[in-house]
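Peer 1: pasting a predicted model and its sequence here:
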Amino acid sequence: MTPLHAGRSEEERAAFIKQIPVGRFGQPSEIANAVVFLASDKSSYLTRAEYSINGGDWMTVYADDGISDGPDERYVYLSDVLPTAWQAVEYAEVPGGGTLVVLGLGPIGSMACRIAYRRDCRVLGIDLVDERLSRAREYREDVIDLRKDDLEDVVRSHTDGRGADSVIDAVGMEAHGSPVAEAAQTASGFLPSPVGRVVMKHAGVDRLAALNSAISLVRRGGTISLSGVYGGAADPINMMTLFDKQIQLRMGQANVKRWVPDIMPLLTHDDPLGVDQFATHRLPLASAPDAYETFQKKEDGMVKVVLKP
């Protein structure tokens, strides 16, 4: 591999960075994760950290010889999808033989299903997009189509009426059904970063549909693991139900470096997590704006994009 900015001047490197699309709260969008996060020869590779926060050199992930001999794409998901999904499953704390419900089968939810499938638990995936449901079928006990099935009835039928031991909310405020929330989220993307952050923090219009579903579907004493992003500060959360059901909530930004040593041994030629074929689209970086729009609209079967600089 050649470092992405090898031979580039500072001006060229800055211009390259500006091409990377920005998503919610001024952070790099999901499709921008194609930026290589691995440096097998310990060269200075461009990482997300270098254009989002200081400390990019520290954030670079190094692969041991013998592990890093696969295709680049096998390791690019160490930048986000793999550690985020891994943490979601870890935080869910599914008991042995228990049931895990994954709300949302986009890149994070789909990978969470694959990770949980290797453990001693039953996995139920929930979504309403055909391509996402199809991708998850191999790695779960059942899939639930929001357009056709009653969530509580199906989940309780798999859990003797008790509810799931754990629920992963991999949706966050992307949940369908709120034009007001969608408008606020879209508008914030066109505002200067500081202003946009304030709008999303105080609008109080986050879509809580997924979180409320998680609260409803989890059993008493169960665990909800939040990997979906919630950005508002004025949302009413049903604390009475959380308290009454003794539900444990775990959440937060993915601790990438914490989980990489656990994930790396699975990035082998056997490909137990299916990362080699995880991307649905592979496009040049110049196509990022159009791809981002397609991804947002969930068109063309687009679930995960790898951009080629």
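Peer 2: Received, thanks.
Peer 1: can you give me the helices for the stretch 151-300 of the chain?
Peer 2: Using DSSP state H, counting those that start in this stretch, the helices of the stretch 151-300 of the chain run over residues 151-158, 179-188, 193-202, 209-217, 239-245, 256-263, 288-297.
Peer 1: mean confidence (pLDDT) on the second one, please.
Peer 2: Per-region confidence: helix 179-188 scores 46 on mean pLDDT.
Peer 1: in this protein, where is pLDDT below threshold?
Peer 2: 1-69, 173-207, 231-235 (pLDDT under 70).
Peer 1: chain neighbours aside, what residue packs nearest to Leu249?
Peer 2: Ile224 (5.3 Å; C-beta to C-beta, 6 or more residues apart in numbering). C-beta coordinates here come from the backbone N, C-alpha and C atoms, glycine included.
Peer 1: do you know how far the one you found is from Leu217?
Peer 2: Ile224 sits 9 Å away from Leu217, taking C-beta to C-beta, to the nearest Å as the criterion.
Peer 1: shared neighbours, those two?
Peer 2: Val167 (C-beta atoms under 8 Å, 6 or more residues apart in numbering).
Peer 1: alpha carbons of stretch 254-271, as PDB, please.
Peer 2: The C-alpha trace of stretch 254-271 is given here as PDB (Å, rounded to 0.1, in the frame of the first residue of the first chain):
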ATOM      1  CA  ALA A 254     -17.000   3.800  19.900                       C
ATOM      2  CA  ASN A 255     -13.700   3.200  21.700                       C
ATOM      3  CA  VAL A 256     -11.900   2.200  18.500                       C
ATOM      4  CA  LYS A 257      -8.500   1.400  20.000                       C
ATOM      5  CA  ARG A 258     -10.000  -0.600  22.800                       C
ATOM      6  CA  TRP A 259     -11.600  -3.100  20.500                       C
ATOM      7  CA  VAL A 260      -9.100  -3.400  17.600                       C
ATOM      8  CA  PRO A 261      -7.000  -6.200  19.400                       C
ATOM      9  CA  ASP A 262     -10.200  -8.300  19.800                       C
ATOM     10  CA  ILE A 263     -11.300  -7.800  16.200                       C
ATOM     11  CA  MET A 264      -8.000  -8.100  14.300                       C
ATOM     12  CA  PRO A 265      -7.700 -12.000  14.700                       C
ATOM     13  CA  LEU A 266     -11.100 -12.300  12.900                       C
ATOM     14  CA  LEU A 267      -9.800 -10.400   9.800                       C
ATOM     15  CA  THR A 268      -8.400 -13.500   8.200                       C
ATOM     16  CA  HIS A 269      -8.800 -15.300   4.800                       C
ATOM     17  CA  ASP A 270     -11.600 -17.300   6.300                       C
ATOM     18  CA  ASP A 271     -13.500 -14.000   6.700                       C
END
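Peer 1: about what we covered before: show me the contacts for the residue nearest to Leu249.
Peer 2: Here Ile224 is in contact with 166-169, 211, 214-215, 218, 247-250 (C-beta under 8 Å, 6+ apart).
Peer 1: same check, this time on Lys245
Peer 2: 215, 218-222.
Peer 1: can I get the lengthiest strand in the chain as CSV, trimmed to CA atoms?
Peer 2: The longest strand of the chain (DSSP state E) is strand 218-226. Extracted in CSV, the C-alpha atoms of strand 218-226 (Å, rounded to 0.1, in the frame of the first residue of the first chain):
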residue,chain,number,x,y,z
VAL,A,218,-36.5,-5.5,26.3
ARG,A,219,-37.4,-7.7,29.2
ARG,A,220,-37.4,-6.5,32.8
GLY,A,221,-33.9,-6.2,34.0
GLY,A,222,-32.6,-6.3,30.4
THR,A,223,-30.0,-4.1,28.7
ILE,A,224,-30.3,-1.6,25.9
SER,A,225,-27.1,-0.8,24.0
LEU,A,226,-27.3,2.5,22.1
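Peer 1: that older thread, any chance of the contacts of Lys245 in JSON lines, with neighbour count and distance to Arg258 too?
Peer 2: JSON lines is the format used below for the contacts of Lys245 (neighbours: other C-beta atoms under 10 Å; distance: C-beta to C-beta, whole Å):
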{"residue": "Ile215", "neighbour count": "20", "distance to Arg258": "27"}
{"residue": "Val218", "neighbour count": "25", "distance to Arg258": "25"}
{"residue": "Arg219", "neighbour count": "22", "distance to Arg258": "28"}
{"residue": "Arg220", "neighbour count": "10", "distance to Arg258": "30"}
{"residue": "Gly221", "neighbour count": "12", "distance to Arg258": "26"}
{"residue": "Gly222", "neighbour count": "26", "distance to Arg258": "24"}
